[in-house]
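Novice: only the shape, not the letters, is given here:
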């Protein structure tokens, strides 16, 4: 294998891994949004809309702090920041299982 082939292989793996991380984080944010929507009493299309809006909100900043802050504010009195962080960890694991199963 030539040095160029090895470099191309590395770039392809890097791109694949980056895409995988993006899809897992997006799915986790959506699942967190559906959980939060349920606590807010939203179901069906309203829940899906809330989750989709949360995913779009997450695209604007790096990391998950912005999502945790927004969900915590939206759930004031219904869930603490720690509960939101724990739920995000749980749904992140579920999102990874779902994405890898595809």
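Specialist: Arrived safely, thanks for sending. What you see is a predicted model; the values in this text were computed from it and never measured. Numbering: from 1, shown residues only.
Novice: pull out the buried positions in the helix or strand of the chain with the lowest mean pLDDT.
Specialist: Within the chain, no helix or strand scores below helix 3-39, which has a mean of 85 by mean pLDDT, DSSP states H and E. Within helix 3-39, the residues that count as buried by 16 or more other CB atoms under 10 Å are 23-25, 27-37. From N, CA and C alone the C-beta is placed, and that goes for glycine too.
Novice: kindly report the same for stretch 75-87.
Specialist: 75, 79, 84, 87.
Novice: just to revisit the earlier point, and the least confident helix or strand of the chain, what does it pack onto?
Specialist: In terms of contacts (3 or more CB pairs under 8 Å, 6 or more residues apart in numbering; DSSP states H and E), helix 3-39 is packed against helix 44-59, helix 65-74, helix 81-101.
Novice: deepest-packed of those, please.
Specialist: Highest mean neighbour count among those (mean count of other CB atoms under 10 Å): helix 65-74, with a mean of 17.
Novice: distance from that one to the middle of the chain?
Specialist: With CA atoms, centre = their mean, to the nearest Å as the basis, helix 65-74 stands 13 Å off its chain's centre.
Novice: need the residues that contact that helix.
Specialist: 29, 32-33, 36, 40, 54, 57-58, 60, 79-81, 84-85, 88 (CB atoms under 8 Å, 6 or more residues apart in numbering).
Novice: one more time with 6 Å
Specialist: 29, 36, 57-58, 81, 84-85 (CB atoms under 6 Å, 6 or more residues apart in numbering).
Novice: any idea of the angle it forms with helix 3-39?
Specialist: Using axes from the mean of the first three to the mean of the last three CA atoms, to 10 degrees, the inter-axis angle of helix 65-74 relative to helix 3-39 is 0 degrees.
Novice: now helix 65-74 against helix 44-59, angle please.
Specialist: Relative orientation of helix 65-74 and helix 44-59, computed by the same axes, to 10 degrees: 140 degrees.
Novice: quick one: mean pLDDT over helix 65-74.
Specialist: Taken as a whole, helix 65-74 has an average pLDDT of 93.
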